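Colleague: need coordinates for the below:
(one chain, ligands or ions: 1)
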Amino acid sequence: MDINKFEKFAKELIDWIVEYYNNIENFPVKSKVKPREIFNKIPDTPPQNSEPFEKIFSDFQQIIIPGITHWQSPKFFAYFPANTSFPSILAELLTSAIAAQCMKWETSPAATELEEKVLYWLRDMIGLPDYFLGVIQDTASTSTLVSILSARESFTNYRINESGFENNKFRVYCSTETHSSIEKAVKISGIGKSNLVKIPVDDKYSMIPTLLKESMEEDLAKGYIPLCIIATLGTTGSTAIDPLEEIGKIAKEFNLWLHIDAAFLGSALILPEYKWILKGIEYADSFVFNPHKWLFTNFDCSAYFVKDVSALVRTFEIIPEYLKTKSDKITNNYCDWGIQLGRRFRALKLWFVIRSYGVNGLKEKLRYHISLAKKFVSLLSQSEGFEILAPVIANLICFRYKPKNISDEEKLNSINELLLHKINNTGKIYLSHTKLKGKFTLRMVIGQTYVSEKHIEEAYNIILENSKQIN
Ligand SMILES: *Cc1c(COP(=O)(O)O)cnc(C)c1O
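Modeller: Sure thing, here's the model as predicted:
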């Protein structure tokens, strides 16, 4: 493909993208293909000779699009969103064109310096103390792994990096509601899943601090070494908030690393009415939230903040001769702030998004989503037979269908599972589920960039209609 053909096709693709967004509501939100259906449509061997772009693009439309679940559809209410927005798409277009590899300052000074600046912006927008410094990681899973490794190394004076584990006695604490990425990080860090202690939650699904303290005291008495606590602000199941201040005091008393996982709900911290969640932030050592979830910035973009950058850099830095540069002492080299050496230019999309919306525009968007969640709650509570299963903190509603004549929990679980499949099979909306205290729970998250009131009313009607067919 020469540059003239590129110009022609690039313009056609922009037209296709505009069409796609204009028509996105007409696609089944959740892809309806069967396992292996796409795989079997792709030839077993690569083409030996050049194929025309027209053919490649036509196959993209015929083969690939049917196998896509449309995360950007305003009828997507499953999981947590992985939002994009038009300014973010434009930035990604430029990023892929420039295709710089931004491992060090010298390999693209603008990428490093823009990343530093927009992370100051983000830090101040969400109200973290000004001693926190930030870096973009690919995901919250990676950020949490980075945090646990930093805790392990700073606690052992960087000994395990040097000579490996001899006799692991470390314990990590989180609640029973924390995200599976914490377990993954504890496994990978060599601490081991059996040393992850899951503390019970209260009736709002928040960690119970007195049980945390008791558990640590028992561990100390048995010769274990408490290392790190992970507090979640906005759990994946129900956006529950762990009581940061009380947990923070315990972390301080026992001299532990406190990591905060606010992957989804962190975006809401730009709103003054959510600042209460951060009470006790002064006890935290690290903090993560994902602009790629609810801040309209393409996946991947996870903002990781640390109190002590030197602990982070000492854990991850390696300086082989071929990577030494003259500017090493005076600029940030983000390859030393995490796991990967090579890095994409991810700050650009954040910069485009924040400037294009403005902080006020972002606030307005989030408040709109939260108001739609309130609307959905009021629709649900007007009709009989639905039960809300967890406090609605922002824009996630946990609920189930509970007709008057059924009280058996197993039966309720099976009819709600059936209801979820029926709803999703319509292709008209997409919800996901969790289990809260053993109850099969439908999760409706209202955070898609271009969702509006009409979509909420439609979603409610689809849920209602399908529930009526179930008894
Ligand atoms: C989504 C989520 C994660 C994982 O996010 P990734 O960026 O996909 O790794 C971690 N913790 C919480 C609370 C989440 O909601």
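Colleague: quick one: contacts for the residue nearest to residue 223 when sequence neighbours are not counted?
Modeller: Closest residue to residue 223 apart from its sequence neighbours, by Cβ to Cβ, 6 or more residues apart in numbering: residue 169 at 6.4 Å. All C-beta spots, glycine's among them, are computed from the backbone N, C-alpha and C. By Cβ atoms under 8 Å, 6 or more residues apart in numbering, the contact set of residue 169 is 223-225.
Colleague: what residues does the stretch 151-300 of the chain put near the ligand?
Modeller: Within the stretch 151-300 of the chain, the positions adjacent to the ligand are 179, 181, 232, 235-236, 261, 263-264, 290 by Cβ under 6 Å from any ligand atom.
Colleague: mind running it again at 5 Å?
Modeller: Counting by Cβ under 5 Å from any ligand atom, the stretch 151-300 of the chain comes close to the ligand at 179, 181, 236, 261, 263-264, 290.
Colleague: neighbour count and distance to residue 127 added to those residues, as JSON lines?
Modeller: Shown next, in JSON lines, are these (neighbours: other Cβ atoms under 10 Å; distance: Cβ to Cβ, whole Å):
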{"residue": "179", "neighbour count": "21", "distance to residue 127": "22"}
{"residue": "181", "neighbour count": "20", "distance to residue 127": "24"}
{"residue": "236", "neighbour count": "20", "distance to residue 127": "23"}
{"residue": "261", "neighbour count": "30", "distance to residue 127": "17"}
{"residue": "263", "neighbour count": "28", "distance to residue 127": "17"}
{"residue": "264", "neighbour count": "27", "distance to residue 127": "17"}
{"residue": "290", "neighbour count": "28", "distance to residue 127": "17"}
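Colleague: which members of those occur in strands, if any?
Modeller: With strands taken from DSSP state E, the overlap with these comprises residue 261.
Colleague: which of the contacts of residue 169 are buried? Put it as a PyMOL command.
Modeller: Per 16 or more other Cβ atoms under 10 Å, the buried members of the contacts of residue 169 correspond to this PyMOL selection:
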select buried, resi 224
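Colleague: ok, the contacts of residue 169 vs residue 130, which is closest?
Modeller: residue 225 (31.7 Å; Cβ to Cβ).
Colleague: skipping adjacent residues, who's closest to the closest one in space?
Modeller: Computed as Cβ to Cβ, 6+ apart, the closest residue to residue 225 that is not its neighbour in sequence is residue 169, at 4.6 Å.
Colleague: now the one you found: how far from the ligand?
Modeller: Distance, residue 169 to the ligand, by Cβ to the nearest ligand atom, to the nearest Å: 26 Å.
Colleague: so residue 134, which state does it fall into?
Modeller: Three-state assignment for residue 134 (DSSP: H, G, I helix; E, B strand; the rest coil): strand.
Colleague: phi first, then psi, for the residue lying closest to it once chain neighbours are set aside.
Modeller: Leaving aside its sequence neighbours, residue 134 sits nearest to residue 119 (Cβ to Cβ, 6+ apart; 3.2 Å). Dihedral pair for residue 119: phi -80, psi -30, per degrees, to the nearest 10.
Colleague: again, but for residue 235
Modeller: Backbone torsions of residue 235, given as degrees, to the nearest 10, read phi -70, psi 160.
Colleague: give the contact list for it.
Modeller: 175, 177-179, 205, 242 are the contacts of residue 235 under Cβ under 8 Å, 6+ apart.
Colleague: before we move on, the earlier item: and which of the residues of the stretch 151-300 of the chain next to the ligand is nearest to residue 394?
Modeller: residue 264 (8.8 Å).
Colleague: verify the stated contact: that closest one with residue 236.
Modeller: Yes - look at residue 264 against residue 236 with Cβ atoms under 8 Å: they come within range, at 7.1 Å.
Colleague: who touches both of those two?
Modeller: Common neighbours of residue 264 and residue 236, using Cβ under 8 Å, 6+ apart, are residue 80.
Colleague: any regions of the stretch 351-471 of the chain where pLDDT drops low?
Modeller: Within the stretch 351-471 of the chain, the segments meeting pLDDT under 70 span 471.
Colleague: can you give me the helices in this protein?
Modeller: Counting by DSSP state H, one finds helices in the chain at the ranges 3-23, 53-59, 86-98, 109-126, 140-155, 159-163, 180-188, 209-221, 244-253, 291-294, 309-316, 347-382, 409-425, 453-468.
Colleague: the ones you listed into TSV, with extra columns for distance to residue 67?
Modeller: Shown next, in TSV, are the helices of the chain (distance: least, Cβ to Cβ, whole Å):
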stretch	distance to residue 67
helix 3-23	15
helix 53-59	12
helix 86-98	21
helix 109-126	33
helix 140-155	25
helix 159-163	42
helix 180-188	25
helix 209-221	44
helix 244-253	42
helix 291-294	22
helix 309-316	37
helix 347-382	25
helix 409-425	16
helix 453-468	23
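Colleague: most packed of those helices?
Modeller: Among these, the stretch with the highest mean neighbour count (mean count of other Cβ atoms under 10 Å) is helix 291-294, at a mean of 28.
Colleague: and for stretch 116-124, what's in contact with it?
Modeller: Under the contact criterion Cβ under 8 Å, 6+ apart, stretch 116-124 has outside partners 130, 132-136, 291, 303, 305, 332, 347, 350-351, 354.
Colleague: looking at those, which is nearest residue 454?
Modeller: residue 291 (26.6 Å).
Colleague: with adjacent residues omitted, what lies nearest to the closest one?
Modeller: In this structure, residue 291 finds its nearest non-sequential neighbour in residue 297, 4.2 Å apart by Cβ to Cβ, 6+ apart.
Colleague: for this protein, which spans come out with low pLDDT?
Modeller: Scanning the chain for pLDDT under 70 picks out 320, 322-324, 326-327, 471.
Colleague: if we can go back for a sec, tell me the phi and psi of the residue nearest to residue 223?
Modeller: Torsion angles at residue 169 (phi, psi; degrees, to the nearest 10) stand at phi -120, psi 10.
Colleague: if we can go back for a sec, any idea which of the contacts of residue 235 has the most stuff around it?
Modeller: residue 242 (29 neighbours; other Cβ atoms under 10 Å).
Colleague: most distant residue from the centre of this structure?
Modeller: Largest separation from the mean C-alpha position in the chain: residue 49, at 40.6 Å (Cα atoms, centre = their mean).
Colleague: so how far is residue 194 from the residue nearest to residue 223?
Modeller: From residue 169 across to residue 194, the span is 12 Å (Cβ to Cβ, to the nearest Å).
Colleague: okay if I get the contacts of residue 169 as TSV plus distance to residue 408?
Modeller: Below are the contacts of residue 169 laid out as TSV (distance: Cβ to Cβ, whole Å):
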residue	distance to residue 408
223	46
224	42
225	46
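Colleague: between the contacts of residue 169, which is closest to residue 377?
Modeller: Residue 377 has its nearest neighbour among the contacts of residue 169 in residue 224, at 43.1 Å by Cβ to Cβ.
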